[in-house]
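> coords please:
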Amino acid sequence: MPFVSNTWHSPTTNKQFTFLSAGRFEDPLIFLLHGWPAIASTWKPQLSAWSSRFHVVAPDLPGYGGTWTSKDPSDFALEKLVPQILEFFHSFGHKRAIWVGHDWGCGPLWAIASHHPEVCQAVVGISVPYRTLELGLEHLISMVDRQVYPENEYPYGQWDYQVFYEREPQTVNRQFESENLEKYIKLVYSRGSAAAAKAPARTARVSKDKGWFGGPAAAAQVPDLPLERTVLNEELLGEIVESARRNGWHGATSWYLNHKANAEYTAKSVDGGRLKVPVLFVHTEFDAVCQTVHNPRLMVEMRDKCERLCEVTVQAGHWGAMECPEEVNAAVVEWIAREVKDCWPGAVL
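Reported below is the predicted structural model:
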C-alpha cells in the first residue's frame, strides 16, 4: 500500500509530529519508534510489508524530521516524551497497539510498556533490550564485557561515546553539523560484520579521539563510504541529511543527556517493571555496540522481567530491520500470528 505523509498538532501543547502511515485505518495498529539518528522513513520496509494486514504508523520522533525539536535537553527526558507520544497515539482512536522500537526508540518503547501497559497489545524491541538504556549510563557501563573492553583501556566500554556526549555535547553537535555530515551518516549506517561484532566498537574511543570517527584531528580524512556498504539508498540518505541540516544536531544529542532523570522515571514503573504482555526481542548478531548475543549480561533483566518473552536473532548489524528487512518482517508477523492471536486482523483494538 502507498505511504501517506502527514502532520499532527497536539491540541494541548501545539507541538507537531510528522509521520508516515500505511494500511487501513480500521485495521489493528502497529506503532514504530525509530532511534538515533533516524527518521520515520527508515521504517519504509516495515510500512510496506505490514500494511496489508495492519495500520502502520511511523512518526518522526522529537528532534527529527518535521517533528518538534528543542534546545533544552530536558525536553527529551522519557518522562516528558512519553505523554506526548501517547497523546499522538490516542489521536488514532485505538485503545492499544503493537509497539515496535529500535535503538533510542526503545527508550520510549520500554517506558510505555512499563508505565502504560494498558496501551500495549504487544511489544517488539530491536537491538536494545528492556532494562538497559532506560536505566541510565551507569547501569549500561556495569554490564560491559571486560573480555572485550579491559577496564584499564576502556573504562566505559562501548558506552564511552555517551560519556563524551554528557561532557561535551556541543562538540558532538558541531562535528555532525559540519561539511562532513553526509560522510558521517553513511558511516553510522554501515552494514554489520561478524568480525566487527567481536572487536572493540569505535564508540569506545570517542572520548580519547575527542569526537566520532577519529575526532577533529581526522576530519580531513573522513572516508566516503560507498553507498552499497550501508543500509541506505540515495533517497533515504538525502532525507536523513536534510532532516539533520534543518533541525541541527542538538535534538539528536539531547536524547543522551537525561540518563539520571530516565533512571528515576524507570524506577516508578508499574508492577516493579514486570511486563505481562507478549514481548519479542530481535537480536542483531553483528551489532558492534549493543552486543546481546555475545554478552548475555545485557539480557538478564529482560529475561527476568518479561513474562511472555520470545527471542529471534538476525545476522545483521545494528540496523537489522533495514539490513535484513524480509527476515525481520517475517519474524514479527509469525510471532504476532502465534503469540498475539487476538491482534490478528479482524478485531479493532
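
> Go through stretch 272-290 and flag the buried ones.
For stretch 272-290, the neighbour count (16 or more other C-beta atoms under 10 Å) marks 273, 275, 277-290 as buried. Any C-beta I mention is one placed from the backbone N, CA and C, and that applies to glycine too.

> Which two of those residues have the greatest separation?
Spatially, the most separated pair among these is Val277 and Ala288, at 30.2 Å (C-beta to C-beta).

> where along the protein do the strands fall?
Along the chain, counting by DSSP state E, strands occupy 4-9, 16-22, 29-33, 55-59, 97-102, 120-126, 275-284, 306-314.

> Quick check: mean pLDDT of the fifth one?
Model confidence over strand 97-102 averages 99 on the pLDDT scale.

> when you give positions from now on, start the count at 4
Okay, residue one is now 4; in that scheme the one you just asked about reads as strand 100-105.

> who touches that strand?
Strand 100-105 has contacts (C-beta atoms under 8 Å, 6 or more residues apart in numbering) with 31-38, 41, 49, 57, 92, 110-113, 115-116, 122-131, 323-324, 335, 339, 343, 346, 352.

> pLDDT below threshold where in this structure?
Counting by pLDDT under 70, the chain contains low-confidence residues at 4, 348-352.

> Swap in 50 and give it another go.
350-352 (pLDDT under 50).

> which residues of the stretch 204-352 of the chain fall in helices?
209-212, 237-250, 253-257, 262-269, 303-308, 323-326, 328-342 (DSSP state H, counting those that start in this stretch).

> nearest to Asp63, of the ones you listed?
helix 237-250 (7.5 Å).

> Distance from the closest one to the middle of the chain?
17 Å (C-alpha atoms, centre = their mean, to the nearest Å).

> Same question for stretch 44-59.
The answer for stretch 44-59 is 17 Å, by C-alpha atoms, centre = their mean.

> How about stretch 56-70?
12 Å.

> Just the buried ones from the contacts of strand 100-105?
By 16+ other C-beta under 10 Å, those give 31-38, 41, 49, 57, 92, 110-113, 115-116, 122-131, 323-324, 335, 339, 343, 346 as buried.

> Pretty sure Ser257 sits against Leu81.
No. Ser257 lies out of contact with Leu81 (C-beta atoms under 8 Å); the separation is 11.9 Å.

> distance of Gly320 from Ala291?
Separation of Gly320 from Ala291 (C-beta to C-beta, to the nearest Å) stands at 7 Å.

> list residues touching both of these two?
With C-beta under 8 Å, 6+ apart, Gly320 and Ala291 have common neighbours 195, 199-200.

> Just give the number of residues close to the closest residue to Tyr268 other than its chain neighbours.
Once flanking residues are discounted, Tyr268 sits nearest to Glu82: 4.2 Å by C-beta to C-beta, 6 or more residues apart in numbering. Look at Glu82: counted by other C-beta atoms under 10 Å, it has 16 neighbours.

> Spit out the contact partners of Glu82.
Shown in contact with Glu82 (C-beta under 8 Å, 6+ apart): 114, 264-265, 268.

> same check, this time on Tyr67
Shown in contact with Tyr67 (C-beta under 8 Å, 6+ apart): 37, 40-43, 246, 250, 254-255.
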